[in-house]
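In: Provided below for reference: sequence and predicted model.
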Amino acid sequence: MNFLWPQFLWLLLALPLLVLLYVWLLRRKKKMALRYASLSIVREAMGSGQTIRRHIPPALFLLAMAAMLLATARPVAVVTLPSNQQTIILAMDVSGSMRATDVQPSRLVAAQNAAKSFIAELPRHVKVGIVAFAGSAQVAQLPTVNREDLVTAIDRFQLQRATATGNAIVISLATLFPDAGIELASLQTGRDRQRGFAIDGDKKEKKEFTPVAPGSYASAAIIMLTDGQRTTGVDPLEAAKIAADRGVRVYTVGIGTVDGETIGFEGWSMRVRLDEETLKAIANKTSAEYFYAGTANDLKKVYETLSSRLTVEKKETEVSALLAMAAAALALLSAGLSLLWFNRIL
(Lines give C-alpha, C1' and ligand atoms only; values in the text may rest on other atoms or scores of the structure.)
Protein backbone atom coordinates (compact mmCIF):
# COMPACT_ATOMS: atom_id res chain seq x y z
CA MET A 1 0.00 0.00 0.00
CA ASN A 2 1.29 3.45 -0.96
CA PHE A 3 0.22 6.87 0.30
CA LEU A 4 -0.33 10.08 -1.68
CA TRP A 5 0.22 12.22 1.44
CA PRO A 6 2.66 10.10 3.51
CA GLN A 7 3.60 13.11 5.67
CA PHE A 8 0.27 12.74 7.48
CA LEU A 9 1.34 9.32 8.79
CA TRP A 10 3.17 11.20 11.53
CA LEU A 11 -0.25 11.76 13.07
CA LEU A 12 -0.29 8.07 14.03
CA LEU A 13 2.15 8.95 16.79
CA ALA A 14 -0.85 10.40 18.62
CA LEU A 15 -2.23 6.87 19.15
CA PRO A 16 0.33 5.83 21.81
CA LEU A 17 -0.40 9.12 23.56
CA LEU A 18 -4.11 8.25 23.61
CA VAL A 19 -3.27 4.85 25.11
CA LEU A 20 -1.17 6.51 27.82
CA LEU A 21 -3.99 8.97 28.49
CA TYR A 22 -6.45 6.09 28.88
CA VAL A 23 -4.19 4.26 31.32
CA TRP A 24 -3.69 7.47 33.33
CA LEU A 25 -7.44 8.04 33.52
CA LEU A 26 -7.98 4.49 34.79
CA ARG A 27 -5.41 4.94 37.54
CA ARG A 28 -6.84 8.33 38.48
CA LYS A 29 -10.30 6.83 38.71
CA LYS A 30 -9.00 4.14 41.05
CA LYS A 31 -7.58 6.72 43.41
CA MET A 32 -10.89 8.60 43.51
CA ALA A 33 -12.96 5.47 44.06
CA LEU A 34 -14.47 4.65 47.45
CA ARG A 35 -12.38 2.34 49.60
CA TYR A 36 -13.98 -0.97 50.31
CA ALA A 37 -13.14 -3.16 53.25
CA SER A 38 -12.10 -5.92 50.92
CA LEU A 39 -11.08 -5.67 47.26
CA SER A 40 -12.13 -9.28 46.75
CA ILE A 41 -15.76 -8.17 47.16
CA VAL A 42 -15.35 -5.70 44.27
CA ARG A 43 -13.67 -8.25 42.04
CA GLU A 44 -16.38 -10.81 42.81
CA ALA A 45 -19.10 -8.27 42.01
CA MET A 46 -17.57 -7.16 38.75
CA GLY A 47 -16.44 -10.54 37.45
CA SER A 48 -13.64 -11.13 34.90
CA GLY A 49 -15.98 -10.68 31.93
CA GLN A 50 -17.07 -7.26 33.14
CA THR A 51 -13.42 -6.22 33.51
CA ILE A 52 -12.66 -7.15 29.90
CA ARG A 53 -15.84 -5.50 28.62
CA ARG A 54 -14.89 -2.11 29.99
CA HIS A 55 -11.82 -2.01 27.70
CA ILE A 56 -13.55 -3.08 24.47
CA PRO A 57 -15.31 0.23 23.55
CA PRO A 58 -12.12 2.31 24.06
CA ALA A 59 -10.13 -0.22 22.02
CA LEU A 60 -12.64 0.00 19.16
CA PHE A 61 -12.53 3.79 19.34
CA LEU A 62 -8.73 3.67 19.14
CA LEU A 63 -8.97 1.51 16.01
CA ALA A 64 -11.44 4.02 14.54
CA MET A 65 -8.93 6.82 15.18
CA ALA A 66 -6.17 4.78 13.49
CA ALA A 67 -8.36 4.20 10.42
CA MET A 68 -9.24 7.90 10.18
CA LEU A 69 -5.59 8.94 10.41
CA LEU A 70 -4.62 6.43 7.72
CA ALA A 71 -7.42 7.78 5.51
CA THR A 72 -5.97 11.28 5.96
CA ALA A 73 -2.72 10.07 4.33
CA ARG A 74 -4.73 9.04 1.21
CA PRO A 75 -3.71 5.37 0.84
CA VAL A 76 -3.52 3.81 -2.63
CA ALA A 77 -3.88 0.05 -3.18
CA VAL A 78 -4.32 -2.36 -6.08
CA VAL A 79 -7.97 -3.41 -6.07
CA THR A 80 -10.24 -5.31 -8.43
CA LEU A 81 -12.77 -3.03 -10.14
CA PRO A 82 -15.26 -3.29 -13.00
CA SER A 83 -13.38 -2.88 -16.28
CA ASN A 84 -13.76 0.12 -18.58
CA GLN A 85 -13.85 -2.30 -21.51
CA GLN A 86 -16.52 -1.04 -23.89
CA THR A 87 -15.89 -3.05 -27.08
CA ILE A 88 -14.62 -6.57 -27.75
CA ILE A 89 -13.91 -7.91 -31.22
CA LEU A 90 -14.16 -11.68 -31.70
CA ALA A 91 -11.98 -12.65 -34.68
CA MET A 92 -12.89 -16.24 -35.55
CA ASP A 93 -11.24 -18.65 -37.96
CA VAL A 94 -13.65 -20.08 -40.57
CA SER A 95 -11.06 -21.91 -42.66
CA GLY A 96 -11.89 -25.39 -43.97
CA SER A 97 -9.90 -27.14 -41.25
CA MET A 98 -12.47 -25.95 -38.71
CA ARG A 99 -14.66 -28.83 -39.97
CA ALA A 100 -12.37 -31.32 -38.20
CA THR A 101 -14.02 -33.35 -35.45
CA ASP A 102 -11.04 -33.83 -33.12
CA VAL A 103 -12.84 -31.22 -30.98
CA GLN A 104 -16.40 -32.50 -30.59
CA PRO A 105 -18.78 -32.07 -32.30
CA SER A 106 -16.42 -30.12 -34.60
CA ARG A 107 -13.93 -27.31 -34.17
CA LEU A 108 -16.30 -24.82 -35.75
CA VAL A 109 -19.37 -25.79 -33.74
CA ALA A 110 -17.35 -25.87 -30.51
CA ALA A 111 -15.99 -22.40 -31.30
CA GLN A 112 -19.47 -21.09 -32.12
CA ASN A 113 -21.00 -22.49 -28.93
CA ALA A 114 -18.18 -21.15 -26.75
CA ALA A 115 -18.38 -17.71 -28.39
CA LYS A 116 -22.15 -17.53 -27.83
CA SER A 117 -21.77 -18.51 -24.17
CA PHE A 118 -19.04 -15.89 -23.80
CA ILE A 119 -21.26 -13.17 -25.27
CA ALA A 120 -24.16 -14.17 -23.01
CA GLU A 121 -21.98 -13.76 -19.90
CA LEU A 122 -20.70 -10.28 -20.76
CA PRO A 123 -22.31 -7.20 -19.16
CA ARG A 124 -25.05 -5.81 -21.37
CA HIS A 125 -23.27 -2.50 -21.88
CA VAL A 126 -20.24 -4.14 -23.55
CA LYS A 127 -20.36 -3.98 -27.34
CA VAL A 128 -19.18 -7.02 -29.29
CA GLY A 129 -18.14 -7.18 -32.94
CA ILE A 130 -17.54 -10.30 -35.05
CA VAL A 131 -14.78 -10.68 -37.65
CA ALA A 132 -14.67 -13.93 -39.65
CA PHE A 133 -11.46 -14.86 -41.44
CA ALA A 134 -10.09 -17.56 -43.72
CA GLY A 135 -8.26 -16.58 -46.94
CA SER A 136 -9.56 -13.07 -46.31
CA ALA A 137 -11.20 -11.31 -43.38
CA GLN A 138 -14.51 -9.51 -43.21
CA VAL A 139 -16.75 -7.96 -40.58
CA ALA A 140 -19.60 -10.39 -39.87
CA GLN A 141 -21.19 -8.03 -37.36
CA LEU A 142 -20.30 -4.48 -36.42
CA PRO A 143 -19.91 -3.85 -32.66
CA THR A 144 -23.32 -3.94 -31.01
CA VAL A 145 -24.99 -4.64 -27.68
CA ASN A 146 -27.73 -6.64 -29.42
CA ARG A 147 -26.92 -10.23 -28.41
CA GLU A 148 -29.42 -11.72 -30.88
CA ASP A 149 -27.66 -10.07 -33.85
CA LEU A 150 -24.32 -11.43 -32.62
CA VAL A 151 -25.65 -14.98 -32.30
CA THR A 152 -27.15 -14.75 -35.80
CA ALA A 153 -23.81 -13.58 -37.22
CA ILE A 154 -21.98 -16.49 -35.57
CA ASP A 155 -24.53 -19.00 -36.88
CA ARG A 156 -24.06 -17.66 -40.44
CA PHE A 157 -20.37 -18.62 -40.69
CA GLN A 158 -19.38 -20.16 -44.03
CA LEU A 159 -16.17 -22.18 -44.27
CA GLN A 160 -13.54 -21.09 -46.81
CA ARG A 161 -9.99 -21.99 -47.82
CA ALA A 162 -6.68 -20.63 -46.41
CA THR A 163 -5.91 -18.73 -43.19
CA ALA A 164 -5.09 -15.02 -42.96
CA THR A 165 -4.53 -14.35 -39.26
CA GLY A 166 -2.82 -11.00 -39.93
CA ASN A 167 -5.77 -9.78 -41.97
CA ALA A 168 -8.08 -10.65 -39.07
CA ILE A 169 -6.15 -8.38 -36.70
CA VAL A 170 -6.04 -5.49 -39.20
CA ILE A 171 -9.78 -5.69 -39.96
CA SER A 172 -10.51 -5.88 -36.22
CA LEU A 173 -8.45 -2.73 -35.64
CA ALA A 174 -10.13 -0.95 -38.55
CA THR A 175 -13.48 -1.84 -36.95
CA LEU A 176 -12.40 -0.44 -33.58
CA PHE A 177 -10.94 2.72 -35.12
CA PRO A 178 -13.04 3.45 -38.22
CA ASP A 179 -11.66 6.99 -38.58
CA ALA A 180 -7.98 6.12 -38.11
CA GLY A 181 -7.33 5.28 -41.75
CA ILE A 182 -6.18 1.71 -41.07
CA GLU A 183 -6.43 -0.13 -44.40
CA LEU A 184 -5.63 -3.69 -45.30
CA ALA A 185 -4.76 -2.74 -48.89
CA SER A 186 -1.88 -0.47 -47.90
CA LEU A 187 -0.25 -3.29 -45.91
CA GLN A 188 -0.75 -5.90 -48.61
CA THR A 189 0.85 -3.70 -51.26
CA GLY A 190 3.74 -2.80 -49.00
CA ARG A 191 2.86 0.86 -48.50
CA ASP A 192 2.97 2.43 -45.09
CA ARG A 193 3.96 -0.88 -43.52
CA GLN A 194 5.07 0.36 -40.14
CA ARG A 195 1.76 1.81 -39.03
CA GLY A 196 -0.88 0.53 -41.41
CA PHE A 197 -2.31 3.95 -42.28
CA ALA A 198 -4.14 4.72 -45.47
CA ILE A 199 -2.79 7.26 -47.96
CA ASP A 200 -5.32 9.84 -49.09
CA GLY A 201 -5.57 9.84 -52.88
CA ASP A 202 -2.74 11.55 -54.72
CA LYS A 203 -1.63 13.62 -51.73
CA LYS A 204 0.32 10.70 -50.31
CA GLU A 205 -0.02 12.16 -46.85
CA LYS A 206 -0.09 10.01 -43.74
CA LYS A 207 -2.43 10.62 -40.90
CA GLU A 208 -0.21 11.46 -37.96
CA PHE A 209 -0.30 9.03 -35.08
CA THR A 210 1.78 8.74 -31.91
CA PRO A 211 2.20 5.16 -30.63
CA VAL A 212 1.15 4.42 -27.07
CA ALA A 213 2.31 1.77 -24.62
CA PRO A 214 1.22 -1.80 -25.50
CA GLY A 215 -1.91 -2.82 -23.62
CA SER A 216 -2.65 0.73 -22.45
CA TYR A 217 -5.93 1.13 -24.38
CA ALA A 218 -8.52 -0.01 -21.84
CA SER A 219 -11.67 0.59 -23.89
CA ALA A 220 -11.35 -2.33 -26.32
CA ALA A 221 -9.72 -5.71 -26.88
CA ILE A 222 -9.48 -8.35 -29.60
CA ILE A 223 -9.89 -12.11 -29.10
CA MET A 224 -8.62 -14.14 -32.05
CA LEU A 225 -9.37 -17.86 -32.35
CA THR A 226 -7.66 -20.01 -34.97
CA ASP A 227 -6.77 -23.65 -35.59
CA GLY A 228 -4.04 -23.18 -38.19
CA GLN A 229 -1.04 -21.17 -39.27
CA ARG A 230 -1.04 -18.21 -41.60
CA THR A 231 -1.03 -19.21 -45.27
CA THR A 232 -1.83 -15.88 -46.88
CA GLY A 233 -2.35 -12.19 -46.22
CA VAL A 234 -0.56 -9.74 -43.93
CA ASP A 235 2.19 -10.91 -41.59
CA PRO A 236 0.38 -11.41 -38.25
CA LEU A 237 3.34 -10.04 -36.28
CA GLU A 238 3.24 -6.87 -38.38
CA ALA A 239 -0.48 -6.59 -37.66
CA ALA A 240 0.22 -7.23 -33.96
CA LYS A 241 2.69 -4.31 -34.01
CA ILE A 242 -0.08 -2.02 -35.25
CA ALA A 243 -2.33 -3.23 -32.42
CA ALA A 244 0.47 -2.78 -29.87
CA ASP A 245 1.12 0.79 -31.07
CA ARG A 246 -2.54 1.58 -30.43
CA GLY A 247 -2.47 -0.08 -27.01
CA VAL A 248 -5.00 -2.76 -28.02
CA ARG A 249 -4.53 -6.19 -26.48
CA VAL A 250 -4.93 -9.19 -28.83
CA TYR A 251 -5.78 -12.33 -26.86
CA THR A 252 -5.07 -15.42 -28.96
CA VAL A 253 -6.81 -18.78 -28.62
CA GLY A 254 -5.44 -21.88 -30.33
CA ILE A 255 -7.65 -24.87 -31.02
CA GLY A 256 -6.73 -28.09 -32.80
CA THR A 257 -3.52 -29.95 -33.57
CA VAL A 258 -0.23 -28.49 -32.37
CA ASP A 259 2.14 -31.06 -33.91
CA GLY A 260 0.47 -31.15 -37.31
CA GLU A 261 -2.03 -33.57 -38.80
CA THR A 262 -3.61 -34.44 -42.13
CA ILE A 263 -7.33 -33.91 -41.91
CA GLY A 264 -9.62 -35.39 -44.56
CA PHE A 265 -13.28 -34.82 -45.27
CA GLU A 266 -15.64 -34.86 -48.27
CA GLY A 267 -13.11 -36.55 -50.55
CA TRP A 268 -10.15 -34.23 -50.01
CA SER A 269 -7.45 -33.79 -47.38
CA MET A 270 -5.29 -31.02 -46.01
CA ARG A 271 -2.31 -30.70 -43.73
CA VAL A 272 -2.90 -28.38 -40.75
CA ARG A 273 -0.74 -27.31 -37.83
CA LEU A 274 -1.44 -24.84 -35.08
CA ASP A 275 1.25 -22.15 -35.06
CA GLU A 276 1.48 -21.65 -31.31
CA GLU A 277 4.77 -19.78 -31.54
CA THR A 278 3.22 -16.98 -33.62
CA LEU A 279 0.05 -16.84 -31.51
CA LYS A 280 2.14 -16.49 -28.35
CA ALA A 281 4.24 -13.79 -30.02
CA ILE A 282 1.09 -11.84 -30.99
CA ALA A 283 -0.20 -12.00 -27.43
CA ASN A 284 3.16 -11.03 -25.93
CA LYS A 285 3.65 -8.13 -28.32
CA THR A 286 0.28 -6.66 -27.35
CA SER A 287 0.59 -7.37 -23.59
CA ALA A 288 -2.18 -9.98 -23.76
CA GLU A 289 -2.24 -13.77 -23.24
CA TYR A 290 -2.30 -16.96 -25.31
CA PHE A 291 -4.64 -19.86 -24.50
CA TYR A 292 -4.73 -23.38 -25.91
CA ALA A 293 -7.95 -25.40 -26.03
CA GLY A 294 -7.69 -29.09 -26.89
CA THR A 295 -11.36 -29.91 -26.28
CA ALA A 296 -14.73 -28.18 -26.41
CA ASN A 297 -14.75 -28.03 -22.61
CA ASP A 298 -11.28 -26.46 -22.60
CA LEU A 299 -12.47 -23.86 -25.09
CA LYS A 300 -15.46 -23.01 -22.91
CA LYS A 301 -13.16 -22.57 -19.91
CA VAL A 302 -10.86 -20.31 -21.95
CA TYR A 303 -13.76 -18.02 -22.82
CA GLU A 304 -14.92 -18.03 -19.19
CA THR A 305 -11.41 -16.95 -18.15
CA LEU A 306 -11.38 -14.23 -20.80
CA SER A 307 -14.79 -13.04 -19.65
CA SER A 308 -13.54 -12.56 -16.10
CA ARG A 309 -10.33 -10.88 -17.33
CA LEU A 310 -12.14 -8.44 -19.57
CA THR A 311 -15.00 -7.48 -17.26
CA VAL A 312 -12.86 -6.75 -14.19
CA GLU A 313 -9.41 -5.28 -13.83
CA LYS A 314 -6.83 -4.77 -11.12
CA LYS A 315 -6.16 -1.10 -10.75
CA GLU A 316 -4.23 1.13 -8.36
CA THR A 317 -6.95 3.14 -6.63
CA GLU A 318 -7.20 5.48 -3.66
CA VAL A 319 -8.99 3.69 -0.81
CA SER A 320 -9.38 6.59 1.63
CA ALA A 321 -13.16 6.29 1.49
CA LEU A 322 -13.04 2.65 2.56
CA LEU A 323 -10.88 3.46 5.58
CA ALA A 324 -13.14 6.39 6.49
CA MET A 325 -16.15 4.10 6.29
CA ALA A 326 -14.39 1.51 8.49
CA ALA A 327 -13.53 4.24 11.00
CA ALA A 328 -17.16 5.39 11.15
CA ALA A 329 -18.36 1.80 11.66
CA LEU A 330 -15.85 1.18 14.47
CA ALA A 331 -16.76 4.46 16.20
CA LEU A 332 -20.48 3.64 16.04
CA LEU A 333 -19.84 0.11 17.34
CA SER A 334 -17.74 1.50 20.17
CA ALA A 335 -20.45 3.97 21.22
CA GLY A 336 -23.18 1.34 20.84
CA LEU A 337 -21.44 -1.22 23.07
CA SER A 338 -20.66 1.41 25.67
CA LEU A 339 -24.32 2.47 25.84
CA LEU A 340 -25.52 -1.14 25.88
CA TRP A 341 -23.19 -2.31 28.63
CA PHE A 342 -22.62 0.79 30.76
CA ASN A 343 -25.34 3.28 29.75
CA ARG A 344 -22.72 5.82 28.71
CA ILE A 345 -20.60 6.73 25.68
CA LEU A 346 -17.06 5.51 26.28
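Out: Cool, got the structure.
In: Now do the contacts for residue 5.
Out: By Cβ atoms under 8 Å, 6 or more residues apart in numbering, the contact list for residue 5 reads 72-74. (C-beta placed from N, C-alpha, C; glycine too.)
In: switch to 7 Å and redo it
Out: Neighbouring residues of residue 5 by Cβ atoms under 7 Å, 6 or more residues apart in numbering: 73-74.
In: what about it, distance to residue 142?
Out: Distance, residue 5 to residue 142, using Cβ to Cβ, to the nearest Å: 47 Å.
In: Can you check the distance spanned by stretch 224-243, start to finish?
Out: 13 Å (Cα to Cα, to the nearest Å).
In: One more: stretch 88-102?
Out: Length of stretch 88-102, first residue to last, Cα to Cα: 28 Å.
In: Average pLDDT for it, rounded please.
Out: Summarised as a single mean, pLDDT over stretch 88-102 is 90.
In: got the buried residues for stretch 54-61?
Out: Using 16 or more other Cβ atoms under 10 Å as the test for burial, stretch 54-61 gives 57-58, 60-61.
In: Inside strands: which ones of those residues?
Out: Counting by DSSP state E, none of the members of these fall within strands.
In: For the stretch 1-150 of the chain, which segments count as strands?
Out: Counting by DSSP state E, counting those that start in this stretch, one finds strands in the stretch 1-150 of the chain at the ranges 2-3, 75-82, 87-93, 127-133, 137-144.
In: Of all those, which one comes closest to residue 297?
Out: strand 87-93 (18.5 Å; Cβ to Cβ).
In: which other helices and strands contact the closest one?
Out: For strand 87-93, the packing partners by 3 or more Cβ pairs under 7 Å, 6 or more residues apart in numbering; DSSP states H and E come out as helix 107-121, strand 127-133, helix 165-176, strand 220-226.
In: For the ones you listed, could you give me CSV that also reports mean pLDDT and distance to residue 287?
Out: Shown next, in CSV, are the helices and strands packed on strand 87-93 (pLDDT from 0 to 100; distance: least, Cβ to Cβ, whole Å):
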stretch, mean pLDDT, distance to residue 287
helix 107-121, 93, 21
strand 127-133, 96, 21
helix 165-176, 96, 14
strand 220-226, 95, 11
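In: quick one, which of these is nearest to residue 12?
Out: When these are compared by Cβ to Cβ, strand 220-226 sits nearest residue 12, at 42.1 Å.
In: Give the pairing partners of the closest one; include direction for each.
Out: Its sheet considered, strand 220-226 pairs with strand 87-93 (parallel), strand 249-255 (parallel) by DSSP bridges.
In: Point out the most buried one among these.
Out: The highest average neighbour count among the strands paired with strand 220-226, using mean count of other Cβ atoms under 10 Å, belongs to strand 249-255 at a mean of 27.
In: Next one, pLDDT for residue 192 please.
Out: 45.
In: cool, and residue 82?
Out: pLDDT, read off for residue 82, is 56.
In: What about residue 242, how many residues nearby?
Out: 27 (other Cβ atoms under 10 Å).
In: Which of the helices and strands packed on strand 87-93 sits closest to residue 208?
Out: Relative to residue 208, the nearest member of the helices and strands packed on strand 87-93 by Cβ to Cβ is helix 165-176, separated by 17.1 Å.
In: Can you name the element that comes right after the closest one?
Out: Using DSSP states H and E, the next helix or strand after helix 165-176 towards the C-terminus is helix 184-188.
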